[in-house]
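1. Build me a model from this:
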Amino acid sequence: MTNRTTGATVLLLNVAHALDHMCLLIFATAVGAIATTFGIARWEDLMPYGVGAFFLFGLGSLPSGRLGDHWGRRKMMLVFFFGMGLSMLLVSLTRTPWQLAAALTLMGMFSSIYHPVGIPMLVRGAPRPGLTIGINGLAGNLGVALSAIMTGFLVKYAGWRAAFAVPALIAIACGIAFARYAPDEATPPAKRGPTQTELPSGQLARIFTVLTIASATASLLFNFTTNGNGELLRERFSGIVSDPAVLGILLALVYVAGSFAQIAVGSLIDRVSLKRLYFAIVACQVPLFALAALADGWALYALMVGFMIVVFGAIPFTDAMIVRYVDDRMRSRVTGMRLTVAFGVSSLAVWLLGPIVKAAGFTTLLGLMAFIALMTLAAIAFLPKAQRPAIVTPQPPRQSPHAAD
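-> The predicted structure is shown next:
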């Protein structure tokens, strides 16, 4: 593979990000309809059955990242596309809550591949990595928006099973296209030459620790919002809008507005201080969540647009830091380690969402999210003012048969 990723591959990698987030959130959007089919009175009681998908979304990142560096990122992306398609078809065939839980967990395992493999593959050799990550983030969050609108319409006109089956076929089709257009990797990333000088181990460890904490709290907020916004709108728009398709459109517009923030953030990352920009964006989350806890109707909707802009706007930073400070030979493994902790912890959001709302309501949940945003701010404050490491001329692959760990 050349030092830069080809145009067709870039497109498919961005589509893969959209698919990854879209497929993970179909369950949360369709949970009310699924609960009715399975004879469960309250949607909150079905939400914990989806925790396995988000747990493996995090836990699976560790082996996915290692395989991406040592076996090859192109091969792992093929496993992603076809695995997502087949597991989604399996979800559409389930008949009981435990069958659903098992199929969703399998889907979560395949979904864990994208972030530690697809993003390092995308940014390798990118002249403006921040902007590249911002565009990729836009694609991922447009997938969130597409999940809301597509699931709403498919549930209304074709049933919740179609909401899983249609994206499954899209994923398989993308896998076929990726096999055709993505160039072969001559050498796995771990066996290539270095691309940049290494930071002192102490500074790198500090960056990794802080970003892991910050990304864990940010992932909690992402999962609480994207999995809970549908039911939050349904509850606080009671008497204003009740049509699931219309609510799906309203929710999709929220995600579209938030998604475009990542383009601006990605462009700024290439030019300004990462720490200051990250801190400023997360600082805006606290008052927006606090105000949303007390709002309903269109006021709530305006605040939801605001807090999703800053939730989505915070997403590109962790990947940008890894691109800036970690050599390409081990980016998949470092990303996988970070995601294993961050997404593993944030899977608790899916498990806790239903019980928290059932016991205390969305007001308490939004207050909790304001507190989590404060925790993220505290972590960001400890980021060091590290300098950008020097880029080195790529060297030929090492001759040793054993890649460095």
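2. ok, now how distant is residue 270 from residue 115?
-> Distance of residue 270 to residue 115, given as C-beta to C-beta, to the nearest Å: 21 Å. Just so you know, the C-beta spots here come from the backbone N, C-alpha and C atoms, and that holds for glycine as well.
3. Please say which of those two ends up with more neighbours.
-> Between residue 270 and residue 115, residue 115 has the larger neighbour count (other C-beta atoms under 10 Å), namely 26 against 16.
4. so what's that one scoring on pLDDT?
-> For residue 115, the pLDDT comes out at 92.
5. Adjust the sequence numbering to begin at 11 for everything that follows.
-> Fine by me, first position is 11 from now on; the one you just mentioned is residue 125.
6. hmm, who's touching the one helix or strand it maps to?
-> Per DSSP states H and E: residue 125 is located in helix 124-133. Residues from elsewhere that reach helix 124-133 (C-beta atoms under 8 Å, 6 or more residues apart in numbering): 15, 19-20, 23-24, 26-27, 30, 71, 74-75, 77-78, 83-84, 86-87, 90, 139, 142-143, 146, 199, 329, 333, 338, 341-343, 345-346, 349.
7. Just the residues you listed: which are in helices?
-> 19-20, 23-24, 26-27, 30, 71, 74-75, 77-78, 83-84, 86-87, 90, 139, 142-143, 146, 329, 333, 341-343, 345-346, 349 (DSSP state H).
8. For the residue positioned nearest the centre of the chain, give me its contacts.
-> Centroid check for the chain by C-alpha atoms, centre = their mean gives residue 31 as the closest residue, at 5.8 Å. Taking C-beta under 8 Å, 6+ apart, we find residue 31 in contact with 150-151, 153-154, 157, 236.
9. same question, residue 391
-> Residue 391 is in contact with residue 289, counting by C-beta under 8 Å, 6+ apart.
10. That one and residue 217, how far apart?
-> Separation of residue 391 from residue 217 (C-beta to C-beta) stands at 14 Å.
11. Please apply the same query to residue 327.
-> For residue 327, the distance to residue 217 equals 11 Å [C-beta to C-beta].
12. neighbour count winner among the two?
-> Neighbours per residue, other C-beta under 10 Å: of residue 327 and residue 217, the larger number sits with residue 327, 26 against 20.
13. OK, contacts around that one?
-> Residues in contact with residue 327 (C-beta under 8 Å, 6+ apart) are 221, 224, 275, 279, 284, 287-288.
14. same question for the helix or strand it falls within, mean pLDDT?
-> Assessed by DSSP H and E, residue 327 sits inside helix 326-335. On average, the pLDDT along helix 326-335 is 82.
15. cool, stretch 164-184 as well?
-> For stretch 164-184, mean pLDDT is 95.
16. Need the residues that contact that stretch.
-> Stretch 164-184 has contacts (C-beta under 8 Å, 6+ apart) with 22, 25-26, 29, 32-33, 36, 39-40, 43-44, 47, 91-92, 94-99, 101-103, 160-161, 254-255.
17. just stretch 35-42 next, same as before
-> 44, 53, 56-57, 60, 63, 101, 114, 154, 157-158, 161-162, 165, 170, 173-174, 177, 236-238, 240-241, 244, 258, 261, 360.
18. Give me the buried subset of those residues.
-> If you count burial by 16 or more other C-beta atoms under 10 Å, the buried members of these come out as 44, 53, 56-57, 60, 63, 101, 114, 154, 157-158, 161-162, 165, 170, 173-174, 177, 236-238, 240-241, 244, 258, 261, 360.
19. Just those: which are in helices?
-> Reading helices off the buried ones among the contacts of stretch 35-42 with DSSP H, I get 44, 63, 101, 114, 154, 157-158, 161-162, 165, 170, 173-174, 177, 236-238, 240-241, 244, 258, 261, 360.
20. Which residue ranges of the stretch 311-415 of the chain form helices?
-> Listed in chain order, the helices of the stretch 311-415 of the chain (DSSP state H, counting those that start in this stretch) span 326-335, 341-390.
21. Give the buried residues for the host helix or strand of residue 152.
-> Per DSSP H and E: residue 152 is located in helix 139-167. Buried residues in helix 139-167, counted by 16+ other C-beta under 10 Å: 139-166.
22. How about stretch 271-291?
-> Residues of stretch 271-291 classed as buried: 271-273, 275-276, 278-280, 284-285, 287-288, 291 (neighbour count, 16+ other C-beta under 10 Å).
23. which two in those residues are spaced the farthest apart?
-> Of all pairs drawn from these, the greatest distance, 20.6 Å, lies between 273 and 285 (C-beta to C-beta).
24. Could I get the contacting residues of residue 153?
-> Per C-beta under 8 Å, 6+ apart, neighbours of residue 153: 27-32.
25. Ranking by neighbours, what's the top pick from those residues?
-> Highest neighbour count within the contacts of residue 153, by other C-beta under 10 Å: residue 29, with 28 neighbours.
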